[in-house]
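> Got a sequence here, can you build the structure:
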Amino acid sequence: MSKKYTVARISIRGKTFEILVKPDPALSYRRGKSVPLSDVLVADVVYSDANKGFRVSEDDLQKAFGTRDIRKIADVILRRGTLQLTADQRRRMIEEKRRQIITFISKQCVDPRTKLPHPPLRIQQALEQVHFSVDPFREVEEQANEAIALIRSVLPISTEKISVSVKIPARYVGKAYGAVKSFGSIRKETWHSDGSWSAVVEMPAGLYGPFLEKIGETTRGNAEAEILK
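Predicted coordinates:
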């Protein structure tokens, strides 16, 4: 089969249904992006074995999908079935997922000796040292938690949480409230008579630096924040 094409397939009631698709448009469609099926499909044909060119009968399509409309059937196969990836696609997806895992660990964890986040490069080197294998299809948080357990053998790391006291002047509360809430759980909040707002926020220790940057930007440096002992 030409490298310009790949296969998407699904099995229903013991029968296999395959379509020939263009790799990158098919992957974009699978990820929910707005891509016309005409840009995805190589041909408006459903096969039982695309490599051998065996087509599925219209009766079998009707029984399996409740329709003979190839575009509707293709949509089901692309969204619910299995999409073959090219070697380049798989490499790119793994690298993207690896960056997401490293970012997650950097935000959620700290060096217990300094209480500061590990730089992303240090986390990447630790992952390489323990030979952590990234799955392009599994959730970031699930893999990150597995990675944290593994790299503890080569890197001091902990998932500590901190409580941060923050106070926002009245004129910035509208913009800052959502930003503060996005960093953690608000455990206590108080609205003051002058319209200002204060809160105690619990967050991963690794998010404290980004938190200060965000509220500083949102309030033009007029917010107050400190870690509670």
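
> all contacts plus neighbour counts: C-alpha atoms, from now on.
OK.

> Could you say which helix or strand holds residue 203?
Element membership of residue 203 [criterion: DSSP states H and E] is strand 197-204.

> From the contact counts, what lies against that strand?
For strand 197-204, the elements it packs on are strand 161-168, helix 173-181, strand 185-191, judged by 3 or more CA pairs under 8 Å, 6 or more residues apart in numbering; DSSP states H and E.

> For the most centrally placed residue in the chain, which residues are in contact?
Nearest residue to the geometric centre of the chain (CA atoms, centre = their mean): residue 140, 5.8 Å. Neighbour list for residue 140: 97, 100, 101, 104 [criterion: CA atoms under 8 Å, 6 or more residues apart in numbering].

> Just the pLDDT for it.
The score at residue 140 is 94. That number is its pLDDT.

> which residues of this protein fall in strands?
With DSSP state E as the criterion, the chain has strands at 6-12, 15-21, 47-49, 54-55, 82-83, 161-168, 185-191, 197-204, 224-227.

> Is it possible to get those out as TSV so that each row also shows mean pLDDT?
As requested, the strands of the chain are exported to TSV (pLDDT from 0 to 100):
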stretch	mean pLDDT
strand 6-12	96
strand 15-21	97
strand 47-49	96
strand 54-55	96
strand 82-83	94
strand 161-168	94
strand 185-191	95
strand 197-204	94
strand 224-227	94
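
> For residue 212, which of the ones you listed is the nearest?
Closest approach to residue 212 among the strands of the chain (CA to CA): strand 224-227, 7.5 Å.

> Need the CA coordinates for the closest one. PDB is fine.
Extracted in PDB, the C-alpha atoms of strand 224-227 (Å, rounded to 0.1, in the frame of the first residue of the first chain):
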ATOM      1  CA  GLU A 224      -0.600  40.400  47.500                       C
ATOM      2  CA  ALA A 225       0.300  36.800  47.900                       C
ATOM      3  CA  GLU A 226       2.200  34.600  50.300                       C
ATOM      4  CA  ILE A 227       2.600  31.000  51.300                       C
END
